[in-house]
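In: quick one: sequence plus predicted model below, questions after.
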Number of protein chains: 2
Amino acid sequence: MTDKDDLLSMCKRRGFLWRSAEIYGGEAGFYDYGHLGAKLLDSWERKWKDFFLGLDENYHMIYTNNIMPYDVMEASGHVDHFSDIMIKCQKCESYFRGDHLIEEETGKNAEWMGKEDMKKSIEELNLSCPDCSGEFSEPEDFNMMFEVSLGPTGQKKGFLRPETAQGTYINFRREYRALRKQMPMGLATIGSAFRNEISPRQIVFRKREFLQAELQIFFVPGIHDEKFERKYQKIREMKVNVKREAGDGSREVKLKDMDDLPPFYLYHLGKMYEFYTEVMELSSEEIRFRELSEDEKAFYNKIHFDLEVDFDTLNGWKEVSGLHYRSDYDLKQHQERSNQSLSVSTDDGKKIPHVIELSFGIDRNLWSLLDKGYKDHERTWLNLPKEMAARQVAVFPLVRKDGLPEKSREVFDQLRKDFRVTWEKSGSIGKRYARNDEIGTSYCITVDYDTLEDESVTIRDLKTTEQIRVEIKELNKILKELIHGRKKFKDHLEQKD
Amino acid sequence: MTDKDDLLSMCKRRGFLWRSAEIYGGEAGFYDYGHLGAKLLDSWERKWKDFFLGLDENYHMIYTNNIMPYDVMEASGHVDHFSDIMIKCQKCESYFRGDHLIEEETGKNAEWMGKEDMKKSIEELNLSCPDCSGEFSEPEDFNMMFEVSLGPTGQKKGFLRPETAQGTYINFRREYRALRKQMPMGLATIGSAFRNEISPRQIVFRKREFLQAELQIFFVPGIHDEKFERKYQKIREMKVNVKREAGDGSREVKLKDMDDLPPFYLYHLGKMYEFYTEVMELSSEEIRFRELSEDEKAFYNKIHFDLEVDFDTLNGWKEVSGLHYRSDYDLKQHQERSNQSLSVSTDDGKKIPHVIELSFGIDRNLWSLLDKGYKDHERTWLNLPKEMAARQVAVFPLVRKDGLPEKSREVFDQLRKDFRVTWEKSGSIGKRYARNDEIGTSYCITVDYDTLEDESVTIRDLKTTEQIRVEIKELNKILKELIHGRKKFKDHLEQKD
């Protein structure tokens, strides 16, 4: 079991992540990524783009803004409905999310509760302020969007987007034309989103500013879904770990055993699952798709499964991404409000496209890599997918004399164009190994006295600490095979024997 | 000369960029990037990172937030001083930036003016409202930061960062430790910044939300600058186009001829210049470094040159990036306000590091590529650096029958892992060439009837429209040479003859 405090301490000390504005005491709900965290972030985003934009030639990235005009967020329903219910302690004046307090007491989901239900429940459970035991005031709505005022007069309002999705919907028509009216069409964005959480907590899980990677796929059911059907047929035997709303507990089932769901949904569900097992290299015991109940899901989501990870540091299963069939809700709303047609022409007349949304909380996904990867038993090390690791290779001279530093610099220079590589000379070899184990450097290369004779070096494997000796001129080729997975370290060991 | 309206029309029609929230009438000061714009953005950012982080092993990316706590922006001086002076028309109640109105009338910079100077100048010039000729009210300060209120009580304030730099400064101490106290240390960020402009204008030039790429380099003068000195010596013969404050007009000089400036400054100035000429491929007639006058530069900037581009669409020279020697101002301010030591130990005792800042407005840089690259005389085409182009290769079947579409798909599949490539079958070949010329696709590959016999295809060069015929099995290698610049298209032409 990964210990939360140990992992957080490593993250701060070594440069993965920490509370923002630490020197000012740290700002609740905000985290910054240090030089290693930023590398992990960058490589996760790159793999995400490669994987999901690779699903279809007509899936593309676009870039939209953080500040959204008032009209957009009113049309989307966020101005009226994007609220949490908060309760205030009458004594110490602290604010809490009512549903969280009830959940902590009962262990049951309370997110569905309205103000009346919540008031009743608080009375029944006899809840009082966890900080000072004071009595609570009446539950009240709190809109979670950050409001900004645009221009000098202050009369024009905007919001920091609470989800990146709306920026995509308002660009649908322009992109549909620029992409010459091909459907299905996917538009992806990676960027920040903002929610003024009443009580930010659980490390990066309930932040006020967070990163999202989202893919919105536009299509007209019955007209454009043959393509999905064909793609789905190729993966229908795929097994996924699923917890259905009607079932009891999670179980491994084949996609084709969930034939109450449409192919366009099952295809993307399968591909998301593949991203978690093949790219992020999480095991099927550590992840599951959970179907949300009617109470839990937004009214416009016709089908909604969350991908959950079983976290050591966060008491079990938590959502890290979601697959939402949002129907034609969003485009209909924007069409009505903007008075601009957002329909497309089909053989069956004009239709407003439907949307399937693949939505990923990037911070949560990075945390899942750290939580599941951190090993702290006999040896402390971090097991990251090699293609995503913040550092893939470290190069050391055995000692700091006799030309070994210079020779190791040559090796370093030879590797730097192909890998995320570092060169380190200080501390004993053991310390250098330990430092690199802790941050998940996939391979350590040591240049020793023999290197000067035979032009070969040792490669040490993070996972097993086993070593092989290889020629410098073969090094890039061998590391590429090891990192991009066509060859395993043990193949080289066996070859050696 | 590139026509502004023609270029903007192409950008909207083809998927580069447009006003945000177009269907709601467009929001002033906000632009979105479409699928081609987002590719150009991504490749520019990637080349920027490769180039500037490649300058030193101890230069690293970090990731910081858009929302900054109040204390940070107060320490940096932005709460008190980050204002523009606005004047209001008493009749139509429009707001204007006073300095802009004066500049438009006189052609001289007026940014340095205080409220008194401005009032006097407006009276002397007899200025009235450009919209309705009404009289102006007294000039007043307007703070350009967007304020947000954090948490449920609304008592805690934050700001959207007006520059990405401050997020870096407040992480200095943490990174200095994580990076094991090596100096000079460079921390780079790429992200959004926000300024509540009184009158956004000039396309992407004065936006309310914009993108910055910044590199902050921390060092102690006299202690850590031997490294810069060594690097500078290697490029001191380099020529740059410069307009010095004291001189008249811009002229090409060698770095060593500006020896009133310190080596750490000249080294980064030379490298920035190289980025513009070698990576962005702008010519030395199109760019210059302009030294700012005492009136123009911020009081904490000891040395300040802007890199300016001579724009067709924006009436000449405009700043796209800057090189600022900010001294120890920022860390001193944060040390004082946070009450945390931000000094480092040196052989000469404890010192607060100084900062050189390389700051790039990404939107402006992308616009400079579009402005300088767009050609619209006999043929419409877009001349982008091939490594940055939104699309590098397009593959076509000559006709849509006889197996040519299938064969061209094979070629497309062979290319897609190495290049940003598209496959197009609709319209005549001429139309497909024209469409790709317009968006700057570097090479068009055509699969014709001969291909089925001889396994070769034609490559057409964007710049010259000349064509060569190559074998499919050689295609990736040849395109790599052409795009990454080791071989020119004319070399292949000559070879053929």
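Out: Nice, thanks for sending it over. Residues are numbered from 1 along each chain as shown, chains lettered A, B, ... in the order given.
In: need the longest helix for chain A.
Out: As assigned by DSSP state H, the longest helix anywhere in chain A is helix A:35-53.
In: now residue A:340. Its backbone dihedrals?
Out: Dihedral angles phi and psi of residue A:340 (degrees, to the nearest 10) take the values phi -120, psi 140.
In: and for it, the neighbour number?
Out: 14 (other C-beta atoms under 10 Å in any protein chain shown). Backbone N, C-alpha and C define where each C-beta goes, glycine included.
In: same thing with residue A:449?
Out: Residue A:449 has 12 neighbours, counted by other C-beta under 10 Å.
In: lowest-confidence helix or strand of chain A?
Out: Within chain A, confidence by mean pLDDT, DSSP states H and E is lowest for helix A:489-496 among all helices and strands, at a mean of 74.
In: all strands of the stretch 101-250 of chain A, in order?
Out: Taking DSSP state E, counting those that start in this stretch, the strands of the stretch 101-250 of chain A run over residues A:140-143, A:147-150, A:156-160, A:185-194, A:209-219, A:239-243.
In: pick the most buried one from these.
Out: Mean neighbour count (mean count of other C-beta atoms under 10 Å in any protein chain shown) peaks for strand A:209-219 among the strands of the stretch 101-250 of chain A, with a mean of 24.
In: that one versus helix A:35-53: what angle between them?
Out: 10 degrees (axes from the mean of the first three to the mean of the last three C-alpha atoms, to 10 degrees).
In: which strands and helices sit next to strand A:209-219?
Out: Contacts defined by 3 or more C-beta pairs under 8 Å, 6 or more residues apart in numbering or on different chains; DSSP states H and E place strand A:209-219 against helix A:35-53, helix A:165-169, strand A:185-194, helix A:263-274, strand A:354-361, helix A:362-373.
In: got JSON lines for the ones you listed, with distance to residue A:401 too?
Out: Output for the helices and strands packed on strand A:209-219, formatted as JSON lines (distance: least, C-beta to C-beta, whole Å):
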{"stretch": "helix A:35-53", "distance to residue A:401": "29"}
{"stretch": "helix A:165-169", "distance to residue A:401": "57"}
{"stretch": "strand A:185-194", "distance to residue A:401": "47"}
{"stretch": "helix A:263-274", "distance to residue A:401": "50"}
{"stretch": "strand A:354-361", "distance to residue A:401": "49"}
{"stretch": "helix A:362-373", "distance to residue A:401": "36"}
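In: for residue B:361, find the nearest of the ones you listed.
Out: Among the helices and strands packed on strand A:209-219, strand A:185-194 comes nearest to residue B:361, with 18.2 Å by C-beta to C-beta.
In: between the closest one and helix B:35-53, how many degrees?
Out: 50 degrees.
In: now residue A:308: which helix or strand?
Out: Element membership for residue A:308 (DSSP states H and E) is strand A:303-311.
In: hmm, who's touching that strand?
Out: The contact list for strand A:303-311 (C-beta atoms under 8 Å, 6 or more residues apart in numbering or on different chains) reads A:242, A:261-262, A:265, A:269, A:272-273, A:276, A:282, A:285-292, A:296-298, A:316-325, A:364, A:367-368, A:371-372.
In: show the subsequent helix or strand relative to it.
Out: strand A:316-327.
In: check contacts around residue A:402.
Out: A:449, A:452.
In: can I assume it sits in a helix?
Out: No: assessed with DSSP: H, G, I helix; E, B strand; the rest coil, residue A:402 is coil; it does not lie in a helix.
In: quick check: residues of the stretch 201-350 of chain A near chain B?
Out: A:208, A:209, A:334, A:337, A:338, A:340, A:342 (C-beta under 8 Å from any C-beta of the partner chain).
In: per-residue confidence at the residue nearest to residue A:454 when sequence neighbours are not counted?
Out: Among residues not flanking residue A:454 along the chain, residue A:471 sits closest, at 7.9 Å (C-beta to C-beta, 6 or more residues apart in numbering or on different chains). Note for residue A:471: predicted pLDDT of 97.
In: check the one 4 residues further on too.
Out: On pLDDT, residue A:475 comes in at 97.
In: if I pick it, what's in contact with it?
Out: A:411, A:414, A:415, A:445, A:457, A:459.
In: closest one of those residues to chain B?
Out: Each of the contacts of residue A:475 was scored against chain B by C-beta to the nearest C-beta, and residue A:415 proved nearest at 12.6 Å.
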